[in-house]
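K.L.:
predicted coordinates and the sequence they were generated for:
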Amino acid sequence: MSSYDPQMDTLPDVPLSDRGYGYKVGTELYLVRHGESMTNTYKNLTAYDPNLTARGWHQALLAGAWMAEHAPVDVVITSPLRRAHSTALAIAHAQGLQPVEMAGLEEFSLGFWDELPKHHPTRPWWGRLEWEPSFEQSPAFVAFRDRIHKALSVILETYAGQRVCVVSHGGTMGVLTAAMVGARQLSVWTSNTGISHFVWPEWKRWMVHYINRSEHLIPLRKQEIPRVAEAHQDEDGFWLLPERLIDSWSSLPARPDLAFLSNQLRRNDSVLFVRPPDPITPLRVSLRARRAVILSDDPLFLEAGEVHRAALNANHIRYQYLFQPIPYPDDSFDYIILPDNCRLSGEEISRLLKNPDGLIHWPAAHSDAHDPVSRQS
């Protein structure tokens with residue numbers, strides 16, 4: 001027999017304000033699924049922590065622009081996994097924010113759908129009205145659900161009264177959405193970068209504003225976004241990569257004037273590449289480094305690099321969209337490597353670089369007129 005906890009009946013004290021809804025509101029919670037990831041797309045790619053595809057980056061940027069106009073927030077919280085973090089960066093950057101990583105929001109690792117009871121509106125839980133499986137009966141779903149509930153509790157307590165955006169995953173959002181509507185389990189589909197909105201109004205009961213809103217994706221629905229050159233479609237329309245995309249890391253090509261870095265970098269070095277000449281060179285030369293970040297404003301470039309990174313399982317390397325200011329704290333990098341016509345401000349370089357000797361320029365073949373970084377600086 002479970003003991004009664006009177007604190008569970010005490011509603012949190014959430015500050016209320018007038019935000020133009022016609023009634024006062026406290027916490028607002030936006031749930032956003034990550035953009036299209038590589039394992040959403042490439043049928044035979046195995047990767048624990050895949051990043052976004054080119055389409056996924058376009059989706060994230062469109063979601064960020066839409067939310068900046070229609071759904072301003074005070075904080076953007078993200079699952080630590082790449083596909084969610086990259087999406088959160090786009091949303092946060094559009095509103096002058098930096099995403100906050102929160103462990104506990106990660107996607108599930110084991111399938112658990114067969115553990116859940118069948119459900120029908122007129123036969124809820126097929127006679128099991130108080131369905132609450134024990135750990136022995138249903139370990140995968142209960143463990144996953146409890147982890148997500150703990151993260152949600154921290155979010156709602158820490159940011160009470162604020163407008164909060166949480167970027168996560170399809171399974172995570174199913175549990176979060178169920179919690180917000182008062183269900184124990186809910187089968188809910190969310191599109192890539194679909195947005196859901198919940199409000200805590202003055203009458204102190206969570207209210208659903210919308211679920212899986214996605215009109216920001218209209219510009220992409222008929223637009224063909226290329227895949228990496230090595231990919232092909234099978235007869236069912238699934239994208240496939242060659243079985244041996246990479247024979248070995250040593251066989252990867254590297255631009256000759258940057259090849260020396262593979263011998264110069266040390267195990268403990270952190271490296272930032274800004275607009276590198278190709279997707280493979282920074283991967284090849286920074287495999288020994290502790291951390292490498294590759295920034296580009298070309299989504300297909302990012303996808304090509306991430307496909308090869310995932311094939312190598314080089315999890316210390318991250319391909320990321322080029323936002324300015326660059327979303328990393330002071331003294332983050334031992335080396336910054338950029339083309340000689342890509343003029344980041346001296347202030348930005350000094351802020352990011354641990355030592356001035358770590359700045360490396362390489363000769364670029366294109367002119368300043370084609371360099372967005374130069375135009376923005």
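P.N.:
That came through, no problem.
K.L.:
and Val154, what helix or strand is that in?
P.N.:
Per DSSP states H and E: Val154 is located in helix 139-158.
K.L.:
what does that helix contact?
P.N.:
12, 27, 29, 77, 102-105, 108, 110-112, 115-116, 133-135, 164, 166, 171-172, 175-176, 179, 185 (CB atoms under 8 Å, 6 or more residues apart in numbering). Using the backbone N, CA and C atoms, a C-beta is placed for each residue, glycine as well.
K.L.:
point out where this protein drops to low pLDDT.
P.N.:
Within the chain, the segments meeting pLDDT under 70 span 1-9, 117-138, 185, 366-377.
K.L.:
what residue is smack in the middle of it?
P.N.:
Ala84 (1.7 Å; CA atoms, centre = their mean).
K.L.:
restricted to buried residues, select the contacts of helix 139-158 in PyMOL.
P.N.:
Remark: buried members of those, expressed as a PyMOL selection using 16 or more other CB atoms under 10 Å:
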select buried, resi 27+29+77+102+104+105+108+112+133+164+166+171+172+175+176+179+185
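K.L.:
with just CA atoms, put the longest strand seen in the chain into PDB.
P.N.:
As assigned by DSSP state E, the longest strand anywhere in the chain is strand 24-33. Extracted C-alpha coordinates of strand 24-33, given in PDB (Å, rounded to 0.1, in the frame of the first residue of the first chain):
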ATOM      1  CA  LYS A  24      -2.900  35.900 -17.200                       C
ATOM      2  CA  VAL A  25      -0.500  33.100 -17.800                       C
ATOM      3  CA  GLY A  26       2.500  31.700 -16.000                       C
ATOM      4  CA  THR A  27       4.800  29.100 -17.500                       C
ATOM      5  CA  GLU A  28       4.600  28.500 -21.300                       C
ATOM      6  CA  LEU A  29       6.100  25.300 -22.600                       C
ATOM      7  CA  TYR A  30       7.000  24.800 -26.300                       C
ATOM      8  CA  LEU A  31       8.000  21.300 -27.300                       C
ATOM      9  CA  VAL A  32      10.000  21.000 -30.600                       C
ATOM     10  CA  ARG A  33      11.200  17.900 -32.300                       C
END
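K.L.:
starting at the chain centroid, how far to it?
P.N.:
18 Å (CA atoms, centre = their mean, to the nearest Å).
K.L.:
which helices and strands does it pack with?
P.N.:
On a contact count with 3 or more CB pairs under 8 Å, 6 or more residues apart in numbering; DSSP states H and E, strand 24-33 meets strand 17-18, helix 54-70, helix 82-93, helix 139-158, strand 163-168, helix 170-181, strand 195-201.
K.L.:
recalculate using a threshold of 7 Å.
P.N.:
Applying 3 or more CB pairs under 7 Å, 6 or more residues apart in numbering; DSSP states H and E, we find strand 24-33 packed against strand 17-18, strand 163-168, helix 170-181, strand 195-201.
K.L.:
tell me the contacts of Ala160?
P.N.:
12, 14-15, 26-27 (CB atoms under 7 Å, 6 or more residues apart in numbering).
K.L.:
ditto for Ala183
P.N.:
Contacts of Ala183 (CB under 7 Å, 6+ apart): none.
K.L.:
for Val228, same thing?
P.N.:
303-304, 307.
K.L.:
now intersect the residues you listed with the helices, please.
P.N.:
Among the contacts of Val228, the members found in helices (DSSP state H) are 303-304, 307.
K.L.:
pull out the buried members of these.
P.N.:
303-304, 307.
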